[in-house]
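Chemist: Below is the structure, and that's it, no one-letter string:
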């Protein structure tokens, strides 16, 4: 990256905003800002915020999408911030100064969130270095084994990317990479004093024999290890399991490990999307409207802020929902609108005017940003009043009209659905039940059915990829819906075809689960 | 950024995209999906998003949460509302629009249909020379060193002189081993070509027939454009009379008169006489009709073709689109003619699925 001078004008803004953020009580990592043009911004965003990330075609696909969105004027990325110590943040060059102020305040609040929220406490704060290492290692494997081969393997791994334990953040993950990249089996030769004796003392047939013996030993060793695998109850971190036990070469294990580590690194951000954006929006609006705005900038600020807060029907805007929940919490705790007295009060009028003048709202939201993730945040603080005021609803797909239709508007169903959609980050819960299914070394996965079936076509393709990694048949117990009837089935991938076996009793697999 | 971050990713991505387009080419051709999405050098093609499959929930069965005005049962508009990350975050079926250069598209078409490259006739108007690195020399700049040859030479020398040790194969090229790439100056003819699209616009040609003509001429155009830098296009329509029109009128005109194909051929021949000397131009004629010609006109057409046209054009193609059910259509006369002349080609296009085969028979001659 070219060292570019950070414009003095922006430096002044940076320091003033930083001071204001400190004054407000935010506690953040240092932030390194860099100004980029929209092209660079799209490139960085396409790579998940890390320009030094390894090369993969999907980043180009994402870039294509972002660039189109920018060209058609549909979307624009004002800023990117990454969780690292120091935080790195990219600002769009074409932002107005008032935009830059807003964005900086926003970024400082994100940085505060990264530093203090407990879900982030186990993330790697030197992730930039780690990502660069990943890129280097993958490049090394590409040089050694060929670009196509490595890319194909990365595609296979990415297909299984979400088979991780989404609440696994606190488990140590590093020690599993104990292998090195010496795939060549070293065959020791006998000593030959004279070079010309070499071919007599170490005939090539003999060396070949030794090599084969070693290979066999390695294979035996693997088999033994697999037989020892005991899944206690169930295993959610399927990627971790595969790294340990699947018959992979060391470079393949390493790549699978890289994919897994990056997946875990991004987990907390996915867990706290609503809170994180809400928190940042809360602080950019506080800092700007109370302190940093000049009179001449008010209109531009209002436009930018309103753009961020816009809602389209059928879409939850995490910025808006998060911000308003934080405002609501602050207000409630300021006025003492919580606790059993408040809950038990039956007069809506009294409730509305309720004010104990506690003034602990600010304190409360700092506590919330430290301890909660989205799902807990909504579970705890989404109230019926809030839901009604903000006109929330649930919707379903209407096949007849090829459109989406509002299903419910009542608080109970909205909240229930919202929490359900946030459960496991909205992804199906897949667990590993047995690594020696049918006593034949087959994998048995089970999909914990929550009412929404899997996308069958994709599930089948994913199973094929899993089969490729495991090297033996793999099975998935799931539910498919036909018309109005849900049916339990077992998807089985033996070679390169997935068959659907019916009449499977899921309870049969439940016996060993405690 | 000093380095090109996304470039190498794009290279891989482009390969995948081209693969996809090739797979779906027949569908694109028979549905004409791309037409109208064309810029000067680029064409925008919608392809299904190239997805890495994952275990994911079926978006059609999923229930989302939204915000906004509305009561139970209200529609939220067609298609899928864009989801915020908070509520579900399930990707739906997206279409991805990718830009492909016309040249790439022509290449894909050529590969898929196994079309031979066109050999332009009359290389008289050579306009340019071009350096091609096809030869080898013993001297040259280091930047052009031919590594493989140099290595081979060094290997040979070491084996001959006994320095080569198979246990420790270390090859060190010396100055005498070096080979360099070198260039040859080759003439680069830039030929000019002109395409005549002729269409029957009489009452019997319906919208569906026109759509087929439109699609087919689009692909022919792409193919020819990739071979000729300088390509002119002329559009002729006819019923009982023929006239030259612009592109819009070509596809938009509907007449109710009868059909006299010879009128178009006569105009075609006259225009060649006037403007396009066959020594300087590669001339192409594509004629589309439903074949419902005045029967006394058929002989005139054939003699026009034989005497004034076929001798001067690279290729003359007659496409009979969704023919009327009659044994006496123009194609019977043309078939006889095509047997005698190499550069007369015909095809029958019954429906959109037939476009691809028709293109193949038209352009498969390599003329």
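Modeler: Alright, I've got the coordinates. Being a predicted model, the structure only gives us computed values, none of them experimental.
Chemist: any idea how far chain A is from residue B:71?
Modeler: 7 Å (CB to the nearest CB, to the nearest Å). Bear in mind the C-beta positions are built from the backbone N, C-alpha and C, glycine included.
Chemist: Now that residue: which helix or strand?
Modeler: For residue B:71, there is no enclosing helix or strand under DSSP states H and E.
Chemist: With residue A:61 instead?
Modeler: helix A:57-71.
Chemist: average model confidence for the helix or strand following that helix?
Modeler: Downstream of helix A:57-71, the next assigned helix or strand under DSSP H and E is strand A:79-82. Here strand A:79-82 scores 91 as its mean pLDDT.
Chemist: Report the distance from strand A:79-82 to the chain centre.
Modeler: Distance of strand A:79-82 from its chain centroid, counting by CA atoms, centre = their mean, to the nearest Å, is 16 Å.
Chemist: Quick one: name whatever helix or strand follows that strand.
Modeler: Going down the chain from strand A:79-82, the next helix or strand is strand A:87-92, by DSSP H and E.
Chemist: Nearest residue to residue A:292 in space, please, no chain neighbours.
Modeler: residue A:101 (5.4 Å; CB to CB, 6 or more residues apart in numbering or on different chains).
Chemist: and the angle for the helix or strand harbouring the one you found with strand A:87-92?
Modeler: In this assignment (DSSP H and E), residue A:101 forms part of helix A:97-116. Interaxial angle of helix A:97-116 relative to strand A:87-92 (axes from the mean of the first three to the mean of the last three CA atoms, to 10 degrees): 160 degrees.
Chemist: other SSEs contacting helix A:97-116?
Modeler: Helices and strands touching helix A:97-116, by 3 or more CB pairs under 8 Å, 6 or more residues apart in numbering or on different chains; DSSP states H and E, are helix A:8-23, strand A:31-36, strand A:79-82, strand A:87-92, helix A:273-287, helix A:298-309, helix A:361-371.
Chemist: Report the strands that pair with the shortest one, each with its relative direction.
Modeler: Same thing as strand A:79-82. The pairing partners recorded for strand A:79-82 under DSSP bridges are strand A:87-92 (antiparallel).
Chemist: so how far is the strand it pairs with from its chain's centroid?
Modeler: Mean-position distance between strand A:87-92 and its chain equals 20 Å (CA atoms, centre = their mean).
Chemist: Now that strand: buried residues?
Modeler: Neighbour counts over strand A:87-92 (16 or more other CB atoms under 10 Å in any protein chain shown) mark A:87-92 as buried.
Chemist: do the same with stretch A:491-498
Modeler: Buried positions in stretch A:491-498, judged by neighbour count with 16+ other CB under 10 Å: A:491-493, A:498.
Chemist: what does stretch B:70-78 give?
Modeler: Buried-residue list, stretch B:70-78, by 16+ other CB under 10 Å: B:70, B:74, B:76.
Chemist: cool, and stretch B:357-367?
Modeler: Here stretch B:357-367 shows B:357-359, B:362-363, B:365, B:367 as buried, counting by 16+ other CB under 10 Å.
Chemist: quick check, nearest of those to chain A?
Modeler: Distance to chain A across the buried residues of stretch B:357-367 (CB to the nearest CB) is lowest for residue B:359, with 28.9 Å.
Chemist: what's near enough to touch that closest one?
Modeler: Residues in contact with residue B:359 (CB atoms under 8 Å, 6 or more residues apart in numbering or on different chains) are B:29, B:109, B:113, B:216, B:219-220, B:223.
Chemist: can you tell me which helix or strand it belongs to?
Modeler: For residue B:359, the host element (DSSP H and E) is helix B:355-363.
Chemist: what mean pLDDT would you report for that helix?
Modeler: Predicted confidence along helix B:355-363 averages 86 (mean pLDDT).
Chemist: gap between the closest residue to residue A:98 other than its chain neighbours and chain B?
Modeler: Using CB to CB, 6+ apart and skipping residues adjacent in sequence, the residue nearest residue A:98 is residue A:297, 4.0 Å away. In this view, residue A:297 and chain B are 28 Å apart by CB to the nearest CB.
Chemist: Residue B:22: which element?
Modeler: Using DSSP H and E, residue B:22 sits within helix B:7-23.
Chemist: returning to what we had before: and which of the buried residues of strand A:87-92 is nearest chain B?
Modeler: Nearest member of these to chain B, counting by CB to the nearest CB, is residue A:90, at 10.7 Å.
Chemist: and that closest one, what pLDDT?
Modeler: pLDDT recorded at residue A:90 is 92.
Chemist: how far away is the closest residue to it other than its chain neighbours from chain B?
Modeler: Spatial nearest neighbour of residue A:90, excluding adjacent residues (CB to CB, 6+ apart): residue A:80 at 4.6 Å. Noted for residue A:80: a distance of 14 Å to chain B, by CB to the nearest CB.
Chemist: how deep is residue A:80 tucked in, by neighbour count?
Modeler: Per other CB atoms under 10 Å in any protein chain shown, the neighbour tally for residue A:80 reads 20.
Chemist: pretty sure it contacts residue A:51?
Modeler: No: if you go by CB atoms under 8 Å, residue A:80 and residue A:51 don't touch, sitting 10.1 Å apart.
Chemist: shared neighbours of these two, anything?
Modeler: In terms of CB under 8 Å, 6+ apart, residue A:80 and residue A:51 are both contacted by the residues residue A:44.
Chemist: SS state for residue B:259?
Modeler: Following DSSP: H, G, I helix; E, B strand; the rest coil, we place residue B:259 in the coil state.
Chemist: ditto for the one 5 residues further on
Modeler: With three-state DSSP as the basis, residue B:264 sits in helix.
Chemist: Might one say that it is in contact with residue B:287?
Modeler: Yes: judged on CB under 8 Å, residue B:264 makes contact with residue B:287 at a distance of 6.7 Å.
Chemist: Show me the common contact partners of these two, please.
Modeler: What both residue B:264 and residue B:287 touch, as defined by CB under 8 Å, 6+ apart, is the set residue B:198.
Chemist: Only the buried residues of the regular element (helix or strand) spanning residue A:150, if you could.
Modeler: Using DSSP H and E, residue A:150 sits in helix A:147-159. Neighbour-count burial for helix A:147-159, with 16+ other CB under 10 Å as criterion, is recorded at A:150-151, A:153-159.
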